[in-house]
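>>> One predicted model, sequence on top.
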Amino acid sequence: MEKTFFTGFIIVVPILLIPFLLTSLLNKEAVKRAAFFPPVQGKEKVAYIVNIATTLLLMVVPFFLRINLSGLMGTTGLLLLVLSLVMYGVSIVQFARPDDSGLNTTGLYRISRNPMYVAFFFWFTGGCLLTRSWLLLAILIVFQVSVHFMILTEERWCREQFGGPYKDYMKKVRRYI
């Protein structure tokens, strides 16, 4: 593996900066909402620890990889990066503007209850294709399994916080896509 700072910069920096830059431009309350994660309970703690560890690995490993734009994998990876970045940005803007109850149910949130997580997964899938890294893919898979359990934690909290309206929303909109 040939290391390049450029690969890490391209794969890691946008996905880290965009949520905080966009939310801080939109409103300060959105920054707090974006940084908030509901308290974990019981077995949720294991998923949380795995999530933190794999997130860290996703942020470090790309700095030791090289981008390869050639062929179908390179083109597909680049296309996924661009599309997921747009999706990520749009979902963050929409997240920053909940309705009066505090829920997000419009825009991309009418298609997926978790468009930011979906975009994040697509982003790193594009990174895996661009770098052709099996290690990054393995980390991404473990990360995504932990994300599923983190989403279940968020859903538990949302049911407790928002009650019936959130349960109705869950019936209408899929968790992912």
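Cool, got the structure. Residues are numbered from 1 along each chain as shown.
>>> State which helix of this protein is the longest.
helix 134-162 (DSSP state H).
>>> pLDDT averaged over that helix, what's the number?
In this model, helix 134-162 has an average pLDDT of 96.
>>> by contact count, what packs against that helix?
Using 3 or more Cβ pairs under 8 Å, 6 or more residues apart in numbering; DSSP states H and E, the elements in contact with helix 134-162 are helix 44-60, helix 115-131, helix 164-172. For the C-beta atoms, the positions are set from N, CA and C on the backbone; glycine is no exception.
>>> Taking helix 164-172 as reference, get the angle to that helix.
Put simply, helix 134-162 runs at 140 degrees to helix 164-172, going by axes from the mean of the first three to the mean of the last three Cα atoms, to 10 degrees.
>>> next one: stretch 126-143 to chain centre, how far?
15 Å (Cα atoms, centre = their mean, to the nearest Å).
>>> Can you verify Pro14 is assigned to a strand?
No - checked against DSSP: H, G, I helix; E, B strand; the rest coil, Pro14 lies outside a strand; its state is helix.
>>> For the chain, give me the ranges with low pLDDT.
For the chain, the stretches flagged by pLDDT under 70 are 1-3.
>>> Now with 90, please.
Applying pLDDT under 90 to the chain flags the ranges 1-9, 15-39, 41-43, 92-93, 95-102, 177.
>>> The residue lying closest to Gln161 once chain neighbours are set aside and Glu44, how far apart?
Using Cβ to Cβ, 6 or more residues apart in numbering and skipping residues adjacent in sequence, the residue nearest Gln161 is Gly102, 7.6 Å away. The gap separating Gly102 from Glu44 is 22 Å, by Cβ to Cβ, to the nearest Å.
>>> Same question for Trp157.
10 Å.
>>> Same question for Gly71.
Taken as Cβ to Cβ, the span from Gly71 to Glu44 is 41 Å.
>>> List phi and psi for Ser112.
phi -140, psi 140 (degrees, to the nearest 10).
>>> Which one's more surrounded, Gly102 and Glu44?
Under the criterion of other Cβ atoms under 10 Å, the comparison of Gly102 against Glu44 puts Glu44 first, with 17 against 12.
>>> And the contacts of stretch 159-177?
101-103, 105, 109-114, 117-118, 151, 155, 158 (Cβ atoms under 8 Å, 6 or more residues apart in numbering).
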